[in-house]
Structure formats: structure tokens, C-alpha cells
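Enquirer: mind folding the following:
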Amino acid sequence: MNFRVIFQIFGRVSVLVGVLMCLPMILSACLGESCWWAFAIAIAIAVAVGVPVVVLCKPKSKAFFSKEGLVLVSLSWIWVSLVGALPFVISGAIPSYIDAFFETVSGFTTTGATILQGSYIEQMAKGLLFWRSFTHWIGGMGVIVFVMMIASNLENHSIHVLRAEMPGPTVDKLVPRARTTAKILYLLYIGLTLLEITLLIFGGMPIFDSVVHSFGTAGTGGFGIKADSIAGYNAFCQWVIAIFMMLFGVNFNLYYLMILCKFRQAFSSRELWIYAGVIVFSATVVTFNVISQLPYTKTTADAVRFAVFHVASFLTTTGYTAIPASSSINAWPLLSKSLLFCLMFIGGCAGSTAGGLKVSRVAILGCSVRKELRKILHPRNANSVKFEGKVLSKEVLQSATNYFGIYMLVLISTFLILSFDGCPDLTIEANITAAASCLNNIGPAYSTVASGYYMYSPLSKIVLSVAMLLGRLEIYPLLLTLSPKTWIRRRL
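Expert: Numbering: from 1, shown residues only. The predicted structure follows:
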């Protein structure tokens, strides 16, 4: 384990977070908000920690492999959440550090779960609201992917960071240099974000609202600045956000292929067609289920809009809602609620900003089950599994199966720990949907948690924060970092 390389890049991450917090600090100062000094203190702490680490931890060797990449990613996500929570606490907007940490972890992991009540959110300073949504945008493509563009000492080994950071079963380089791959990904990310901002402004949404909601959509996060999330905006803006939620749930490699005019290769992606099929099927079912049953779906057009919006929101794990403040998701028909709950687990495509298991991993699990059934029926036949035109090895199939097993163990453990919470208003439905929502980085939950996670005790909030980190990092990096064996230097 090359600890010096890990901590030097970790120091750069700390400085980078400090630099990024300058944006909300400047905004607060320009608007005359007193919270600018809270950002100034947080920036000073981030830089004070980062600069000495960068200076003192000069690596003797540039060796950097998968193990180091996994640990670096975990440490960075934990640290940016710890320091990113400081402005909320120092300004007094969220007095409890555990609450602020929960909110910031939810932001950086693009979960969107909140401990703030809607009416309080609308009263927060714009600088804090900007930072709250900006954490979605930063975390969407990944803190480390951006660091790769400026980390000169990683060079040929930086693909290990990319594979540790980007969600999904596999991550390939778009071009020979992994740092150039990161630049391409971010240019696509920025371009789509700017396009959404432009369309929302064109649709009549205020500039500030357009920016923060585009941050939430791009990162598939879902933090809103209104008590009713997106419900207060017109149908055009809701359609724009729904479409971009679906776009950000697509593998970014496919966009790069489209830019190169390799449309046939891009549209031959099996994962893309499964993803599109799930959206069409789910939106159709929900449309017929909610039409005329909800007071705000009086026409077919309304039902289609609400169905597509919420299917896109749950499948891409964004978590925005277009439900009016006078109602909630709890009022929806049981079939629609159940289907949306299932979509939480599927998530978006691998290589997107969405959470969940990922469409490709679910497809591979399905192929694996089909292979076993064929093996039972025809034991003498060769039963290979193909996905995206490639024969999957036993290692890939076993990896998908093992991940699902660990995933279910984490989900059940989180649910059981939440059950110890003493609040009588927290039902089984609330706890299971909260556990699934945080692990899949989606945000919304059912029952009493539909209005927020403020009912949970400090211990439960810490557990849910860990679940959000496990979901965003896809379990293995954080488990490796928390293992004592990782930090033991072995003598040869």
C-alpha cells in the first residue's frame, strides 16, 4: 500500500473542496448574507488540512494500483462530507453536526434525503441552498474523476481511481489516457448541465432556481429549494427536468460515441434498450393506474406527465417530486407505489450519475439465473452468458452475484438497526423504504418519512449516512478502507 500517494492526493482533494466552496461564499457575500463567513472558516480548515498533507507526503514511488484507488476514493468521500457540513453548522442553519453531516453526505452521494422540513428550506440563505445543491453536481460525476485531471503523479495508473469512483460493474477508458477520459466525461457533464439550465430559464424558471435544479438533475440528487420540490413550476419545466433525469441516467460512454458519429455502436447497447424499456413499461403502468384517481391527474396529459416524471425520478435515483404540497406519495395507488419502490433498486445505467444496482448488473444477474436454469434442463450443453456482445466470464458472473449478496446483507442490517429507533411514528414501511432509499441513493421514502428524515435519532442518521456512502461507493471501497488489515504494513 503506497500511503504517501494516497495522502498526497487526499490533500489535494481537501484543497479542491475549499476552492469549490468559494463559489457559494462569493454568492453569499454578493447577496449580503451573513453566512459567507461560515464558508470562509470552512475553506480555511479545508486548506489548512490539505496543504500540509500535500507538502509532507511526497511519494517516493508513483506505484498506484486498485487497492490504493479504492482507499483514496473512500477517504475522499468521507472527508469532503465532514468538511462540507461545516458551513451549515457554523452559520447555525443546521445546529447539530450529525444532522449537517447527514445532509452533506446526502448531497455528495447524490441521495437527496433531507432532515430539513420544507418550510424551513425556503427560509435558508441562498448561499447555503446553492452549496447544498452544488454538492450534488460535484458528487454526480465524482470528486476523484475531477482530481484525476490535475493529479500529475497518477499518469498511467489513474484508471484505478476511475474504476473505483465510477458506478457500475465495469468502467472502460474512452481514450488511452485515463485523465483524458475524465476530461471528456466532465465536458459532457458540463455541456448537458448548461443545456438544461438554458431550457429551464427559457421555460420561465428563475435563474437561481434553474441552476440549483440543474445541479440536482445532473447529479441525479434531488435536493429542492421549495417545500413542494418541483410541483410549483409549470409543465414545461417539469418535462425538461424529467427528460434530463433520464439523460443523466444513461452511460456517458454512449454520448461520447455519438459525438464521434458512431451512432450504430451507441444504439446497439443492450443496457440502453433495457433502460428505455423499463421506463416505457413503468410509465405506462403508472399512467393507467393514477389517471383520474389523483386530484392533480384529471386529464390524460397530466397523468402521463406525472407518471413519466416520477418513473424517471425513482429509476435514476434523483428523487425530485412533482406532487403538490397538499398531497404526498403516500396518497398514490398501491400498484404505483410498489412499482416505484422496485425501480429504486434497479437504478440507472453503469457509467451514469445514477445510483441503485445499475441496469447492467440487474441484467447480468438475470442472465446468470437463466444460465442456471438451462444448466438444469440441459446439463451437457455449453451454457455461456453473453452481454453487450461479449461472453461473460465466471468471474464477472460471480462478482455480480457476490455484490448482490453483500448488498442485500447491508440493506437488511440497515433496516434492522433502524428498527431499534424509539420513535413510535416510524413504521416498518417507513424504515424499509428509508433503508432502501439511502442505500440506493434516491432520497424519498414512504409513510412518515415522506416529509423528511428528521424523526430519526442521531444513531439512525449515522447509520443511514453510512448506507448512503456504501451505496455511492458500491460497498467494496468503504469496506476495504474500514478493514484494519488495509492499514497494516506487512514486512517482507
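Enquirer: A227 versus Q123, what's the distance?
Expert: Per C-beta to C-beta, to the nearest Å, Q123 is found 10 Å from A227. Quick note: C-beta positions are derived from backbone N, CA and C, even for glycine.
Enquirer: between the two, which has more neighbouring residues?
Expert: A227 (15 against 8; other C-beta atoms under 10 Å).
Enquirer: from the structure, what's the count of residues near the residue nearest to the more buried one when sequence neighbours are not counted?
Expert: Leaving out its chain neighbours, the residue that sits closest to A227 by C-beta to C-beta, 6 or more residues apart in numbering is G118, at 2.9 Å. G118 sits with 16 neighbouring residues when counted by other C-beta under 10 Å.
Enquirer: now do G118, the pLDDT please.
Expert: Note for G118: predicted pLDDT of 75.
Enquirer: you'd agree it is up against I225?
Expert: No - the pair G118 / I225 is not scored as a contact, 9.9 Å apart, by C-beta atoms under 8 Å.
Enquirer: show me where pLDDT drops low in the stretch 101-250 of the chain?
Expert: For the stretch 101-250 of the chain, applying pLDDT under 70 flags the ranges 142-182.
Enquirer: can you pull out the helices in it?
Expert: Counting by DSSP state H, counting those that start in this stretch, the stretch 101-250 of the chain has helices at residues 118-121, 126-141, 143-148, 159-165, 178-202, 207-218, 235-248.
Enquirer: my read: E271 touches G347, true?
Expert: No - using C-beta under 8 Å as the test, E271 is too far from G347 to be in contact (11.5 Å).
Enquirer: reformat the helices of the stretch 101-250 of the chain as TSV; add distance to M21.
Expert: Converted to TSV, these look like this (distance: least, C-beta to C-beta, whole Å):
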stretch	distance to M21
helix 118-121	20
helix 126-141	7
helix 143-148	13
helix 159-165	21
helix 178-202	19
helix 207-218	14
helix 235-248	24
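Enquirer: which of those helices sits closest to V466?
Expert: helix 126-141 (15.9 Å; C-beta to C-beta).
Enquirer: angle of that closest one against helix 235-248?
Expert: When axes from the mean of the first three to the mean of the last three C-alpha atoms, to 10 degrees is applied, the directions of helix 126-141 and helix 235-248 differ by 40 degrees.
Enquirer: keeping just the C-alphas, turn helix 126-141 into CSV.
Expert: This file holds the C-alpha atoms of helix 126-141, laid out as CSV (Å, rounded to 0.1, in the frame of the first residue of the first chain):
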residue,chain,number,x,y,z
LYS,A,126,-29.3,31.3,-1.0
GLY,A,127,-25.6,30.7,-0.4
LEU,A,128,-26.3,27.6,1.7
LEU,A,129,-29.0,26.4,-0.8
PHE,A,130,-26.5,26.8,-3.6
TRP,A,131,-23.9,24.8,-1.7
ARG,A,132,-26.4,22.2,-0.8
SER,A,133,-27.3,21.6,-4.5
PHE,A,134,-23.8,22.1,-5.7
THR,A,135,-22.7,19.1,-3.6
HIS,A,136,-25.0,17.0,-5.9
TRP,A,137,-23.3,18.4,-9.0
ILE,A,138,-19.8,17.8,-7.5
GLY,A,139,-20.7,14.3,-6.4
GLY,A,140,-22.6,13.3,-9.5
MET,A,141,-19.6,12.7,-11.8
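Enquirer: what is that helix packed up against?
Expert: Packing contacts for helix 126-141, counted by 3 or more C-beta pairs under 8 Å, 6 or more residues apart in numbering; DSSP states H and E, involve helix 22-30, helix 36-56, helix 66-84, helix 86-91, helix 97-108, helix 178-202, helix 207-218.
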